[in-house]
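Enquirer: Turn this into a model:
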Amino acid sequence: MKQRGFRYCSTCQTKLQKWSKTAAGTPRWRCPKYAKTQTRKRTDLTKGLLLEQFVNWLLGKQSQEELTGSANAARSWRNQVAWCWDIIPKPELTGEIYPIILIDGLRVGSLVNLIARRLRM
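Expert: You can find the predicted model right below:
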């Protein structure tokens, strides 16, 4: 029976041993059979921070170059946050009812963005 998951070696499926720490303090794991070490990547934290940075850039006034520090880093950042464009926001229902709502549409590629606002009376 093959063992799967983070605590098992991807090559031989033997259980990994905890093996010191990296310079950043991340635990390092070692395969006793092949003496291969690995660290666990926290993609959940990375994606959360990238999404927060993307939203701040999208709603803020900074350019991508100002955000990252250089034009080359801006290109790399665009590749890292490309998945953020695929997120479909789900608006929160408030239950408020208005007698008149003004709706405007904007076509972006093959999608249509509808903008609605209430008229103040």
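Enquirer: From here on, just use CA atoms for contacts and neighbour counts.
Expert: OK.
Enquirer: Grab the most central residue of this protein for me.
Expert: residue 47 (2.7 Å; C-alpha atoms, centre = their mean).
Enquirer: Double-check that that residue belongs to a helix.
Expert: Yes. Assessed by DSSP: H, G, I helix; E, B strand; the rest coil, residue 47 belongs to a helix.
Enquirer: what about it, distance to residue 28?
Expert: Distance, residue 47 to residue 28, by C-alpha to C-alpha, to the nearest Å: 22 Å.
Enquirer: And the pLDDT for the residue nearest to the centre of the chain?
Expert: At residue 47, the pLDDT value in this model is 88.
Enquirer: what's the distance between it and residue 66?
Expert: Taking C-alpha to C-alpha, one finds residue 47 at 21 Å from residue 66.
Enquirer: Could you do residue 9 as well?
Expert: 41 Å.
Enquirer: Of these two, give the one with the bigger neighbour count.
Expert: Using other C-alpha atoms under 10 Å as the criterion, residue 9 and residue 66 rank with residue 9 on top: 23 against 12.
Enquirer: check contacts around the more buried one.
Expert: Contacts for residue 9 (C-alpha atoms under 8 Å, 6 or more residues apart in numbering) come out as 15, 16, 31.
Enquirer: Closest to residue 112 out of those residues?
Expert: Set against residue 112, the nearest of these by C-alpha to C-alpha is residue 16 (50.7 Å).
Enquirer: number of nearby residues for the closest one?
Expert: So residue 16, with other C-alpha under 10 Å, has 21 neighbours.
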